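Asker: Kindly return the folded structure for what I paste below:
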Amino acid sequence: MHLELAAMNNHHRFHTLESFFASAHESGYKAVELWTGPMHFYMDYAQNDPVERLKRLEDAYGVKVIGICPEQTNPKPHNMATADLALAERVRAYFGRAVDVACEIGANQVVVTSGWAFLDESADEAWERSVAMLRRVARYAGEQGMTLAIEALQERESVLVNTVADLKRLIDAVDEGALKVCLDTGAMARANDTIKGYFDVFGSRVAHCHFVDVDETATHLAWGDGSRNMAQDLADLATCGYEGVLSVESASARYLADPAAADRQSIDQFNKSIQEAQL
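Answerer: Numbers count the residues shown, from 1 in each chain. Below is the predicted model of the structure:
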């Protein structure tokens, strides 16, 4: 059973992209997932930074970009469920560009979400728009041989898809083979779902994992700063047959000053927990 931890750059936003690659290498990571924050890798519906720059960093530090995580939650403009027709075309172009970047760098997947609805509009209508846009993007991804991995959002982020049941309903409605699942342990915990519950519903369609610690007040913590049992989570993933990458999406502001320390903490915990879980 092979499980690999990947670093993410969300909390490195006040440090250069090269320092992120360097610290990932120094901490023992072999893989990273690239969040497309514009301070690191600019991408919009019409243009993006050269992918060649990412390839040079991969080569220089021996670290592979295994996934692309585009900016897409409120207040970002790239909303899968937007009602604005002009914006919808930009959203389609933006996620198509994310697929193209992922293909060029040789990534495994592009992470997507349902998007979000304004609280003073019909959630049902926004859900229908989300289905339609996801179908368009997933169809394009499939044509390019790229996987989309959709994750649930927390209720404070979106009213559209929060639970395993919500995800199942959306994926069934989209009905495109390229649309798989990203299990986010933060959203999972807030929805009172479980790792086993995800796999009972989706099985091998779970293609990726955002793997974070959680406590009563915060999600997306470095491992050891929350209350989850990493060894148990790893054992549950192994029991469910998951083999692949676990990206540590440490998105808390507490890590901005010294993001590398948070990454070291997580990978140290991972190495200990792998032994504890006898994996």
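Asker: Against Arg156, how distant is Met8?
Answerer: Using C-beta to C-beta, to the nearest Å, Met8 is found at 20 Å from Arg156. Heads up, the C-betas are built off the backbone N, CA and C, glycines and all.
Asker: between those two, which one's more packed in?
Answerer: Met8 (24 against 9; other C-beta atoms under 10 Å).
Asker: give the contact list for that one.
Answerer: 32-35, 69, 247-250 (C-beta atoms under 8 Å, 6 or more residues apart in numbering).
Asker: Quick one, grab the pLDDT at it.
Answerer: Note on Met8: pLDDT of 99.
Asker: So what does it have for phi and psi?
Answerer: phi -130, psi 160 (degrees, to the nearest 10).
Asker: hmm, back to that, neighbour-wise, give me the winner out of the contacts of Met8.
Answerer: Going by other C-beta under 10 Å, Val248 tops these with 30 neighbours.
Asker: Hmm, it is touching Asn10, no?
Answerer: No - using C-beta atoms under 8 Å, Val248 makes no contact with Asn10, being 9.7 Å away.
Asker: re the thing from before, and the two most separated of the contacts of Met8?
Answerer: Leu34 and Ser250 (14.5 Å; C-beta to C-beta).
Asker: quick one, strands of the stretch 51-200 of the chain?
Answerer: Listed in chain order, the strands of the stretch 51-200 of the chain (DSSP state E, counting those that start in this stretch) span 64-69, 109-112, 147-150, 179-184.
Asker: Save these as JSON lines, and put in mean pLDDT and distance to Arg56 too.
Answerer: Below are the strands of the stretch 51-200 of the chain laid out as JSON lines (pLDDT from 0 to 100; distance: least, C-beta to C-beta, whole Å):
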{"stretch": "strand 64-69", "mean pLDDT": "99", "distance to Arg56": "12"}
{"stretch": "strand 109-112", "mean pLDDT": "99", "distance to Arg56": "21"}
{"stretch": "strand 147-150", "mean pLDDT": "99", "distance to Arg56": "25"}
{"stretch": "strand 179-184", "mean pLDDT": "99", "distance to Arg56": "27"}
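Asker: Show me where this protein dips below the pLDDT cut-off.
Answerer: 1 (pLDDT under 70).
Asker: Which parts of it are helices?
Answerer: For the chain, the helices defined by DSSP state H occupy 17-27, 51-61, 85-105, 123-144, 164-174, 185-190, 195-202, 230-239, 259-276.
Asker: Looking at these, which is nearest to Trp223?
Answerer: helix 259-276 (4.1 Å).
Asker: Please export the C-alpha coordinates of the closest one as PDB.
Answerer: Extracted in PDB, the C-alpha atoms of helix 259-276 (Å, rounded to 0.1, in the frame of the first residue of the first chain):
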ATOM      1  CA  PRO A 259       5.400  27.900   6.400                       C
ATOM      2  CA  ALA A 260       8.300  25.500   6.100                       C
ATOM      3  CA  ALA A 261       8.100  24.700   9.800                       C
ATOM      4  CA  ALA A 262       4.400  23.600   9.300                       C
ATOM      5  CA  ASP A 263       5.400  21.400   6.300                       C
ATOM      6  CA  ARG A 264       8.200  19.800   8.400                       C
ATOM      7  CA  GLN A 265       5.800  19.200  11.200                       C
ATOM      8  CA  SER A 266       3.300  17.400   8.900                       C
ATOM      9  CA  ILE A 267       5.800  15.200   7.200                       C
ATOM     10  CA  ASP A 268       7.400  14.200  10.500                       C
ATOM     11  CA  GLN A 269       4.000  13.300  11.800                       C
ATOM     12  CA  PHE A 270       3.400  11.300   8.600                       C
ATOM     13  CA  ASN A 271       6.600   9.300   8.800                       C
ATOM     14  CA  LYS A 272       5.800   8.400  12.500                       C
ATOM     15  CA  SER A 273       2.200   7.600  11.700                       C
ATOM     16  CA  ILE A 274       3.000   5.300   8.800                       C
ATOM     17  CA  GLN A 275       5.100   3.300  11.200                       C
ATOM     18  CA  GLU A 276       2.400   3.300  13.900                       C
END
